[in-house]
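>>> Let me see the structure of the following:
(2 chains, ligands or ions: 5)
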There are 2 protein chains.
Amino acid sequence: TGCLGMSQALGVLTIILTLVWTCYYRGGFAWHDDVAHEFNYHPLFMILGLVFFYAEAILVYRVFRNVKKLYVKLLHASLHFLAIIFVIVALKAVFDSHNLAKPTPHPNLYSLHSWLGLSVVLLFGLQYVSGFVSFLFPKLSLALRQWYMPTHVFFGIAIFLGAIATALMGLTEKLLFLRGDMSTFRTAEGTFINILGLLLVAFAGLVIYLVIN
Amino acid sequence: TGCLGMSQALGVLTIILTLVWTCYYRGGFAWHDDVAHEFNYHPLFMILGLVFFYAEAILVYRVFRNVKKLYVKLLHASLHFLAIIFVIVALKAVFDSHNLAKPTPHPNLYSLHSWLGLSVVLLFGLQYVSGFVSFLFPKLSLALRQWYMPTHVFFGIAIFLGAIATALMGLTEKLLFLRGDMSTFRTAEGTFINILGLLLVAFAGLVIYLVIN
Ligand code: HEM
Ligand code: HEM
Ligand code: HEM
Ligand code: HEM
Ligand SMILES: O=C1O[C@H]([C@@H](O)CO)C(O)=C1O
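Numbering: from 1, shown residues only, chains lettered A, B, ... in the order given. Ligands and ions are numbered 1, 2, ... in the order given. Below you'll find the predicted structure:
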């Protein structure tokens, strides 16, 4: 339980740093009329959805050990649903920031970040549908559920780690092309981002430790 | 065993792609007299050491199930030792490429990639010493070894995944500052790197799957 408290503290701190970064260093949020700031929803909502709420969703089975299983499942599914909503808005924000860029649109899906990121999102969608169908409704036979469970847990963890790796590449890219070279790394903002990156890694390590124990 | 064969195929393919990238796209290797090409030892040897030989080292317990445990331990420790040698040369190459750069040296250790990378290397060294002392010589009591084992396996896997994430950031950075923007991603070299990146992820997924099963 000390570890659980620690994971929650790291999770909240991650979100606070992401907010400070997007608001203070990156100038906050806007929508279609200012796509450079619409972009800022992308890192914030990806980290909120695919890191924070995703982690909360996979921790519920550890936290609510004595609660009726159906209720915990509903919470697990709801938190993942919340995560999916944030991910969809985060994707919309980044695609808009490319497609609606002035004077000409930017191309889409060329970077390693975007390839891995889109794969992670697609696997997340697949995992949601198969988890829902298997464990909630219409619910498979006990034998099939037992057979699928280890796969569900393995991919559940793999998608989470894929999201962390994607986020680290995203942070690196964004800093790099603020000035077109590595010099942004040697500013207060750069140090800030490095700390946020290490925090994401520490949070992920702790969450996985809790999930497998 | 189908999965084992597949993991070996992916591992070898990863090394081939890294070689093709460093030799063909990045112009091959040199030492102190040409630090821009000395740099190329960095990605090649990091991927050889911290990805390929590291993976081979943690797979030996799965491959040699019927071999005397002491021999398998010696192989595990030797492959990790080989990995460490490559890592040290890889570090030397990248620090040289900064410190000996003309006309002026580049600064060190500013990026998220370098912070996470150095942490991974330090943890790798710690893990080596504690694994050696606990399981090989002088060897701890059975009780202590049993107590330490889950931690050894957890950190063994965590360091590997940290290395993969570091490599993905490294590839992203290198492509980005070849031209100072994202346009290198939209070249044959960019697509090549994206494929190498996804291959690293697939290889890691398969290796971890094998290790935990
Ligand atoms: C963690 C989950 C994340 C996922 C799944 C993800 C996914 C994606 C995808 C699919 C794209 C392609 C959009 C397009 O081509 O129009 C993209 C672009 C981008 N993302 Fe993320 N992202 C994540 C986190 C982040 C974070 C934390 C940052 C930090 C700033 C970031 C920065 C960027 C940038 C700068 C681009 C545009 C350049 C590019 O396509 O690589 N991303 N992201
Ligand atoms: C994208 C969506 C999902 C992801 C990423 C995901 C991920 C995970 C992970 C990582 C675990 C392991 C947690 C642990 O052992 O503490 C887990 C367990 C589980 N999930 Fe999901 N899941 C998803 C959707 C669903 C859905 C929709 C259901 C339907 C109710 C579901 C049902 C379960 C069940 C029953 C367990 C087993 C808990 C246990 O007995 O320990 N999952 N899931
Ligand atoms: C996978 C294990 C890896 C580790 C542990 C690692 C570690 C490091 C470290 C510690 C530095 C800092 C050197 C300095 O400040 O002088 C560095 C720099 C660098 N690495 Fe890696 N690296 C890895 C893989 C890669 C790969 C695959 C590439 C791809 C090209 C790469 C590209 C770079 C670049 C461009 C730099 C200089 C810019 C910077 O400091 O971020 N690295 N690496
Ligand atoms: C940096 C160095 C090391 C790393 C990264 C590492 C990593 C790992 C990993 C991931 C496993 C799990 C493998 C599996 O379950 O198949 C493992 C198992 C093990 N390691 Fe290490 N190890 C290192 C050094 C050592 C050393 C020096 C020894 C001394 C002999 C050692 C002894 C063992 C033993 C006895 C096991 C248990 C295998 C089993 O019974 O399944 N390790 N190590
Ligand atoms: O619906 C469920 O499936 C699994 C188990 O029955 C199969 O492993 C589980 O814990 C549930 O609550």
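>>> Against B:Ile16, how distant is the spatially most central residue of chain A?
With distances taken as Cα atoms, centre = their mean, A:Leu50 lies nearest the centre of chain A, 2.0 Å away. Computed as Cβ to Cβ, to the nearest Å, the A:Leu50 to B:Ile16 distance reads 32 Å. C-beta coordinates here come from the backbone N, C-alpha and C atoms, glycine included.
>>> What of A:Arg62?
42 Å.
>>> Looking at the two, which has the bigger crowd around it?
Taking other Cβ atoms under 10 Å in any protein chain shown, A:Arg62 and B:Ile16 do not tie; A:Arg62 has more neighbours (17 against 12).
>>> Let me know the pLDDT of the more buried one.
Here, the pLDDT recorded for A:Arg62 equals 95.
>>> Compute the distance between A:Val201 and ligand 1, please.
13 Å (Cβ to the nearest ligand atom, to the nearest Å).
>>> Near ligand 2, which residues of chain A are found?
Residues of chain A lying close to ligand 2 by Cβ under 6 Å from any ligand atom are A:58, A:61-62, A:73, A:76-77, A:80, A:124, A:127-128, A:131-132, A:135-136, A:152-153, A:156-157, A:159, A:211.
>>> can you count the residues close to the closest residue to ligand 4 within chain A?
Residue of chain A nearest ligand 4, by Cβ to the nearest ligand atom: A:Ile212 (13.4 Å). Residues near A:Ile212, counting by other Cβ under 10 Å, number 13.
>>> ok, now how distant is the residue nearest to the centre of chain A from A:Phe124?
Distance, A:Leu50 to A:Phe124, using Cβ to Cβ: 7 Å.
>>> Now for the two: what residues contact both?
A:83, A:87 (Cβ atoms under 8 Å, 6 or more residues apart in numbering or on different chains).
>>> Output the set of residues of chain A in proximity to ligand 1.
With Cβ under 6 Å from any ligand atom as the criterion, chain A meets ligand 1 at residues A:42-43, A:46-47, A:50, A:94-95, A:98, A:108-109, A:111, A:113-114, A:117-118, A:120-121, A:163, A:166-167, A:170-171, A:173-174.
>>> now the residues you listed: which count as buried?
Buried by 16 or more other Cβ atoms under 10 Å in any protein chain shown: A:42-43, A:46-47, A:50, A:94, A:98, A:111, A:113-114, A:117, A:120-121, A:163, A:166-167, A:170-171, A:173-174, out of the residues of chain A next to ligand 1.
>>> remind me which residues of chain A are low pLDDT?
Chain A contains no residues with pLDDT under 70.
>>> Helix, strand or coil: sort out A:Gly27 for me.
coil (DSSP: H, G, I helix; E, B strand; the rest coil).
>>> Quick check: phi and psi at the nearest residue to it once chain neighbours are set aside.
Of all residues not flanking A:Gly27 in the chain, A:His37 sits nearest, at 5.9 Å (Cβ to Cβ, 6 or more residues apart in numbering or on different chains). Dihedral pair for A:His37: phi -90, psi -20, per degrees, to the nearest 10.
>>> Quickly check: stretch A:190-200 near chain B or not.
Yes. For stretch A:190-200 and chain B, the contact criterion (Cβ under 8 Å from any Cβ of the partner chain) is met by A:190, A:193-194, A:197-198.
>>> Give me the buried positions along that stretch.
Of the residues in stretch A:190-200, A:190, A:192-194, A:196-197, A:199-200 count as buried by neighbour count, 16+ other Cβ under 10 Å.
>>> Could you write out the alpha-carbon coordinates of stretch A:108-122 in PDB?
Output of stretch A:108-122 as PDB, limited to C-alpha atoms (Å, rounded to 0.1, in the frame of the first residue of the first chain):
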ATOM      1  CA  ASN A 108       0.800  13.100 -41.500                       C
ATOM      2  CA  LEU A 109       2.200   9.900 -40.100                       C
ATOM      3  CA  TYR A 110       5.800  10.000 -41.100                       C
ATOM      4  CA  SER A 111       7.600   9.800 -37.800                       C
ATOM      5  CA  LEU A 112       8.500   6.700 -35.700                       C
ATOM      6  CA  HIS A 113       6.500   8.400 -32.900                       C
ATOM      7  CA  SER A 114       3.400   8.500 -35.000                       C
ATOM      8  CA  TRP A 115       3.800   4.900 -36.300                       C
ATOM      9  CA  LEU A 116       4.300   3.500 -32.900                       C
ATOM     10  CA  GLY A 117       1.700   5.800 -31.400                       C
ATOM     11  CA  LEU A 118      -1.000   4.800 -33.900                       C
ATOM     12  CA  SER A 119      -0.200   1.100 -33.400                       C
ATOM     13  CA  VAL A 120      -0.600   1.600 -29.700                       C
ATOM     14  CA  VAL A 121      -4.000   3.300 -30.100                       C
ATOM     15  CA  LEU A 122      -5.200   0.600 -32.500                       C
END
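>>> which other residues reach that stretch?
By Cβ under 8 Å, 6+ apart, stretch A:108-122 touches A:46, A:50, A:87, A:91, A:95, A:98-99, A:159, A:162-163, A:165-166, A:169-170, A:173, B:168, B:171-172, B:175, B:182, B:185-186, B:190, B:193-194, B:197-198, B:201.
>>> Also stretch A:194-212?
Contacts of stretch A:194-212 (Cβ under 8 Å, 6+ apart): A:3-4, A:6-7, A:10-11, A:13-14, A:17-18, A:21, A:47, A:51, A:55, A:58-59, A:62, A:153, A:157, A:160-161, A:164, A:167-168, A:171-172, A:185, B:111-112, B:115-116, B:119, B:154, B:158, B:162, B:165.
>>> Please, a PyMOL command that selects the buried ones among those residues?
Per 16+ other Cβ under 10 Å, the buried members of the contacts of stretch A:194-212 correspond to this PyMOL selection:
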select buried, (chain A and resi 7+10+11+14+17+18+21+47+51+55+58+59+62+157+160+161+164+167+168+171+172+185) or (chain B and resi 111+112+115+116+158+162+165)
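>>> quick one on the thing from earlier: around the residue nearest to A:Gly27, how many other residues sit close by?
A:His37, neighbours per other Cβ under 10 Å, totals 17.
>>> ok, it touching A:Gly28?
Yes. Counting by Cβ atoms under 8 Å, A:His37 does reach A:Gly28; the two are 6.2 Å apart.
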